[in-house]
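**Student:** Prediction below, plus the sequence it came from.
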Amino acid sequence: MYNLVYKSIANTLTLAQVNEILAVSRDFNARHDITGCLIYHQGFFIQYLEGEAEVVLALFEKIKLDKRHRAVNLLSKGNIYSREFNTWSMAYLSNQLPNDAFRYIEQLVDPRIEPVGKSFLPNPTSKRFWLAAKALLHKIGHENFN
């Protein structure tokens, strides 16, 4: 099992376009046994992908060519023992969710925000960050966002 995390800057997108990205991603991922989580906030994407290495890496090559975003920055990649998002073809978090806990994720994703206690916050390449994202999904009722 393999995972990959990247961050990018979205080109101007409407909510309908983001929803289309999610729909296409969820369909593709379900057909290719890829799971993960997409976070979209204030024009920034950060995504965690997991699956077989060759499939995830091939998908990342396609993602890098997508004209709907730019400055695609690979943050981490490597082998993992098990999936974190095994029940989500593509979980999704954004500031549209009605939950104050998103503020924590927001501080980590948006480079314009200077978080309090920055040195103690996990970065998006850490397992702790993605466990926090998963906990937030469970808290808000992930059945609406998977």
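**Tutor:** Received, thanks.
**Student:** longest single helix anywhere in this protein?
**Tutor:** Criterion DSSP state H: the longest helix present in the chain is helix 15-31.
**Student:** Helices along this protein, start to end?
**Tutor:** With DSSP H as the criterion, the chain has helices spanning 15-31, 53-65, 102-109, 127-140.
**Student:** Can you flag the weakest of these by average pLDDT?
**Tutor:** Among those, helix 102-109 has the lowest mean pLDDT, at a mean of 59.
**Student:** Paired strands for the longest strand belonging to the chain, with orientation please.
**Tutor:** Scanning the chain for the strand with the most residues, using DSSP state E, yields strand 69-79. When pairing is defined by DSSP bridges, strand 69-79 lines up against strand 2-10 (antiparallel).
**Student:** per-residue confidence averaged over the partner strand?
**Tutor:** Computed over strand 2-10, the mean pLDDT rounds to 90.
**Student:** Contact partners for Leu49?
**Tutor:** Neighbour list for Leu49: 3-5, 34-36, 56, 59-60 [criterion: CB atoms under 8 Å, 6 or more residues apart in numbering]. Glycine gets a C-beta too; all of them are placed from N, C-alpha and C.
**Student:** Sweet, I'm off.
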